[in-house]
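**Q** Fold the following for me, if possible:
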Amino acid sequence: MSLRDRYITYQLDNMDSDGIYQLAYDLLLDGYSDSTDDDLRDEIVENYDEETLKDLDPTPQKTLYDEVVEYYRQPNSFIK
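**A** The predicted structure follows:
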């Protein structure tokens, strides 16, 4: 075991559960920093299921059908 491995183990052994939780949170936050909401939705469904996505993101997502209907109802709203 290298000095690096022993030092990491020492730090983890001396952290309380709040410290370990914060470390994990920070690592995950950094890992998802470049992810879009669509990327996250895809990952949630892939790793869990649609129900978990609904629990975490209760805002209804527009389907292609919804967007087409909205376009024909308000075509000028899509012009930027």
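**Q** in the chain, which spans are helices?
**A** Using DSSP state H, the helices found in the chain span residues 3-13, 17-31, 37-47, 50-56, 64-73.
**Q** ok, of the ones you listed, where does mean pLDDT dip lowest?
**A** Per-stretch mean pLDDT for those is lowest at helix 64-73 (a mean of 85).
**Q** Spatially nearest residue to the most centrally placed residue in the chain (excluding sequence neighbours)?
**A** In the chain, the residue lying closest to the centroid (C-alpha atoms, centre = their mean) is L40, at 4.1 Å. In space, and not counting its chain neighbours, L40 is closest to Y32: 6.8 Å by C-beta to C-beta, 6 or more residues apart in numbering. For every residue, glycine as well, the C-beta is placed using N, CA and C.
**Q** The one you found: neighbour count?
**A** 12 (other C-beta atoms under 10 Å).
**Q** can I see the domain layout of this structure?
**A** When the chain is parsed with automatic domain parsing, its domains come out as 1-34, 36-80.
**Q** any idea how far the longest one is from the chain center?
**A** Looking back up the chat, that one is domain 36-80. With C-alpha atoms, centre = their mean, to the nearest Å as the basis, domain 36-80 stands 15 Å off its chain's centre.
**Q** Great, nothing more from me.
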